[in-house]
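Undergrad: Give the three-dimensional model of this entry:
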Amino acid sequence: MKKNDEFIIKIEDMSVDGLGIGRYEGMTFFVKDALIGDIARVGVTKLKKTYGYARVIELIRPSPDRGEPPCPIHRRCGGCQIQALSYSKQLEFKQKKVENDLRRIGGFEEIPIEPIVGMKDPFHYRNKAQFPVGTDKDGHIIAGFYAGRTHSIIPTGDCVVGVPVNREILDVVISFMEEHHISTYNEETGEGLVRHVLIRYGFSTKEILVCLVINGQGFPGEDELAERLWKIPGMTSFSVNINQRQDNVILGDETRFIRGKEYITDYIGEVKFQISPESFYQVNPVQTKVMYDLALDYAGLSGSETVWDLYCGIGTISLFMAKKAGWVYGVETVPQAVADAGRNAKINGIKNVEFIRGKAEEVLPEFCGQQPGGDGSGKRGSGSEAHVQKVLDRNSRMARPDVVVVDPPRKGCDERLLETIIEAAPDRIVYVSCNPSTLARDLRILCDGGYELKKVSPVDNFPQTVHVETVVLMSRVSNEP
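TA: Have a look, this model is predicted:
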């Protein structure tokens, strides 16, 4: 077999990045734009020793679960990898994905998995969008999304998972740039001014934040543009972010506010949050509340427990836990996130919470009377020693955790942190994950350290995509690893 060979294949599964999976003559093929149940004529695009990649040339018999996607550019964009799959089948796929990873990677046989929690309306759920800005071959300014695995912009503002007001904002910005002959950034040359348009929307408050990311110190006519944007109902904050680096990082280090507030506000349940251009904030507030309600329920709080929220970000889970906990400690390495978390606690009048800047595997042992983690020297590598000592001075009592909550990035928990959690021996661990494979790896380490799985609940925070969140409850069965 060689590149460009054609054959007919039945798609029996899908990969973690949304490619259809089938077998032909003993070889596994990953097929772009194919769905579970499709029978298709495909062409080989790449071959490895034991597997290959292919693309659909013709659908011989479409899957009964295949539908007509509402987005006309979903195949080119690649952001909504499984939009052509019926929503019920999307949920089934994600449920199996979590369960299969726990079996295959974690080695779990009996999995106490709950039915996945889907959305009533799986569209227009994203409260944040980052649109790259460029120029097409005819010299017209465009904004949209990058085509899959490229930096070629596909013009659109009518994203079916975004909020409708995005299109109106982009139209205002683009027409203003064209009128005033304002250039767009060119990645190849490093020249041009406007790089991205960042939009954030408060689902509860209807407040809108617009931030232009620019390759320069100033934006010509910024007050006039602000005046035009303010005709859009809900406009609350307008700023420019200065990013003159020649890399793929979207936001630079400096943001200058032009009109309105420096943030918008939104609620998850009854908890209020201030959201700036740089703030980390879950993009689907509807499902985030579902997820945090599950986490709070799994924590099993009665009002007296000490909770440690590791990787706490701007304090979203911490503030949820504080409603029913005796005391909550949130730990985060990013200084701005710690500051945002403290401010969010203050605006909500929540006083039984403390946010600490540092690495959790180094901070947690200090409070629990353990030896610090790290290289064994007892020294911290995060530059947070003075900050931690101040908090220790304010808290004379030891703070052994009754419950530990972790919500790590996609790479999962640091192995030293897992060891630290096992050493701290909380009664319960609530693990919130955005990556089933690293979740399975980490759960195996925790179970080998004296814990057992009690509940596993997938939550669909990202309909139309392959991504899935999971909330897990673990309980301690032994004091000994």
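Undergrad: Can you list the residue ranges for helices in the chain?
TA: Per DSSP state H, the chain carries helices over the ranges 74-77, 87-104, 165-179, 222-229, 285-299, 316-322, 335-347, 360-368, 385-394, 415-424, 436-448.
Undergrad: Could you tell me the least trusted of the ones you listed?
TA: In terms of average pLDDT, helix 385-394 trails the rest of the helices of the chain, at a mean of 51.
Undergrad: returning to that earlier point: among the helices of the chain, show me which one is buried the most.
TA: helix 316-322 (a mean of 26; mean count of other CB atoms under 10 Å). (C-beta placed from N, C-alpha, C; glycine too.)
Undergrad: C-alpha coordinates for that helix, CSV please?
TA: The C-alpha coordinates for helix 316-322 follow below in CSV (Å, rounded to 0.1, in the frame of the first residue of the first chain):
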residue,chain,number,x,y,z
THR,A,316,-14.0,29.7,41.1
ILE,A,317,-14.1,26.3,42.8
SER,A,318,-12.7,27.7,46.1
LEU,A,319,-15.6,30.2,46.4
PHE,A,320,-18.1,27.5,45.7
MET,A,321,-16.6,25.3,48.4
ALA,A,322,-16.5,28.1,50.9
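Undergrad: So which elements touch it?
TA: For helix 316-322, the packing partners by 3 or more CB pairs under 8 Å, 6 or more residues apart in numbering; DSSP states H and E come out as strand 271-275, helix 285-299, strand 306-310, strand 327-332, helix 335-347, strand 353-357, strand 403-406.
Undergrad: List of residues touching the longest one?
TA: With contact meaning CB atoms under 8 Å, 6 or more residues apart in numbering, helix 285-299 is reached by 117, 119, 125, 127, 203-204, 266-269, 282, 305, 307, 316-317, 320-321, 323-325, 403, 405, 428, 430, 432, 454-455, 457, 459-461, 469, 471-473.
Undergrad: need the helices of the chain in TSV with distance to His196, can you?
TA: As requested, the helices of the chain are exported to TSV (distance: least, CB to CB, whole Å):
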stretch	distance to His196
helix 74-77	16
helix 87-104	29
helix 165-179	11
helix 222-229	15
helix 285-299	22
helix 316-322	24
helix 335-347	19
helix 360-368	32
helix 385-394	33
helix 415-424	33
helix 436-448	29
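Undergrad: Could you count how many residues lie near Glu110?
TA: When counting by other CB atoms under 10 Å, one arrives at 7 neighbours for Glu110.
Undergrad: And the pLDDT for it?
TA: 92.
Undergrad: Quick check: the gap between it and Ser475.
TA: From Glu110 across to Ser475, the span is 15 Å (CB to CB, to the nearest Å).
Undergrad: likewise Val173?
TA: 52 Å.
Undergrad: Once you drop chain neighbours, what's closest to Gly315?
TA: Spatial nearest neighbour of Gly315, chain neighbours left out: Ala341 (3.2 Å); criterion: CB to CB, 6 or more residues apart in numbering.
Undergrad: Next up, the contacts around the spatially closest residue to Cys413 that is not a sequence neighbour.
TA: The spatially closest residue to Cys413, leaving aside those adjacent along the chain, is Asp442, at 5.0 Å (CB to CB, 6+ apart). Applying CB under 8 Å, 6+ apart to Asp442 gives the contacts 408, 412-413, 418, 431, 433.
Undergrad: Let me know the closest of these to Asp38.
TA: Of all the contacts of Asp442, Ser433 has the smallest distance to Asp38: 29.6 Å, by CB to CB.
Undergrad: For the closest one, report the pLDDT, please.
TA: Per-residue pLDDT puts Ser433 at 97.
Undergrad: If it is in a bridge, with which residues?
TA: Judged by DSSP bridges, the bridge partners of Ser433 are Thr470.
Undergrad: Now do it against Gly134, distance only.
TA: Taking CB to CB, one finds Ser433 at 35 Å from Gly134.
Undergrad: Give me the more crowded residue out of the two.
TA: Ser433 (25 against 21).
Undergrad: close enough to count as contact, the more buried one and Pro408?
TA: Yes - using CB atoms under 8 Å as the test, Ser433 is close enough to Pro408 to be in contact (7.4 Å).
Undergrad: pull the helix or strand with minimum mean pLDDT from the chain.
TA: For the chain, using mean pLDDT, DSSP states H and E, the weakest element among its helices and strands is helix 385-394, scoring a mean of 51.
Undergrad: picking up where we left off before, make TSV from the helices and strands packed on helix 316-322 and add distance to Asp247 to it.
TA: Listed next are the helices and strands packed on helix 316-322 as TSV, based on distance: least, CB to CB, whole Å:
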stretch	distance to Asp247
strand 271-275	25
helix 285-299	30
strand 306-310	29
strand 327-332	24
helix 335-347	20
strand 353-357	26
strand 403-406	30
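Undergrad: between these, which gets nearest to Glu366?
TA: Closest to Glu366 of the helices and strands packed on helix 316-322 is strand 353-357 (CB to CB; 9.4 Å).
Undergrad: then that closest one to PDB, C-alphas only?
TA: Extracted C-alpha coordinates of strand 353-357, given in PDB (Å, rounded to 0.1, in the frame of the first residue of the first chain):
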ATOM      1  CA  VAL A 353     -11.000  31.500  52.300                       C
ATOM      2  CA  GLU A 354      -7.300  32.200  51.900                       C
ATOM      3  CA  PHE A 355      -5.400  32.300  48.600                       C
ATOM      4  CA  ILE A 356      -1.700  31.400  48.500                       C
ATOM      5  CA  ARG A 357       0.800  32.000  45.800                       C
END
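Undergrad: Pull out the buried residues from that strand.
TA: Neighbour-count burial for strand 353-357, with 16 or more other CB atoms under 10 Å as criterion, is recorded at 353-357.
Undergrad: what pairs with it, and is each one parallel or antiparallel?
TA: Looking at strand 353-357 with DSSP bridges, what it pairs with is strand 327-332 (parallel).
Undergrad: any idea of the angle the strand it pairs with forms with helix 360-368?
TA: On the basis of axes from the mean of the first three to the mean of the last three CA atoms, to 10 degrees, strand 327-332 is oriented at 150 degrees to helix 360-368.
Undergrad: then strand 327-332 to PDB, C-alphas only?
TA: Extracted C-alpha coordinates of strand 327-332, given in PDB (Å, rounded to 0.1, in the frame of the first residue of the first chain):
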ATOM      1  CA  TRP A 327     -12.100  27.000  55.700                       C
ATOM      2  CA  VAL A 328     -10.800  26.900  52.200                       C
ATOM      3  CA  TYR A 329      -7.200  27.300  51.100                       C
ATOM      4  CA  GLY A 330      -6.600  28.000  47.400                       C
ATOM      5  CA  VAL A 331      -3.100  27.500  45.900                       C
ATOM      6  CA  GLU A 332      -2.000  28.900  42.500                       C
END
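Undergrad: Any idea how far it is from the middle of the chain?
TA: Here the centre of strand 327-332 is set off from its chain's centre by 21 Å, with CA atoms, centre = their mean, to the nearest Å.
Undergrad: can you offset everything so residue one is 257?
TA: Got it, the first residue is 257 from now on, which makes the last one we talked about strand 583-588.
Undergrad: Phi and psi next, for the closest residue to Glu324 other than its chain neighbours.
TA: Distances taken as CB to CB, 6+ apart put Ala340 closest to Glu324, at 7.7 Å, once the chain neighbours are dropped. For Ala340, the backbone dihedrals (degrees, to the nearest 10) come out as phi -80, psi -10.
Undergrad: which ones are touching Gly586?
TA: So Gly586 contacts 564-565, 568, 571, 574, 597, 609-612 (CB under 8 Å, 6+ apart).
Undergrad: Would you quantify the distance from Gly472 to Asn499?
TA: In terms of CB to CB, Gly472 sits 9 Å off from Asn499.
Undergrad: Perfect, that will be all.
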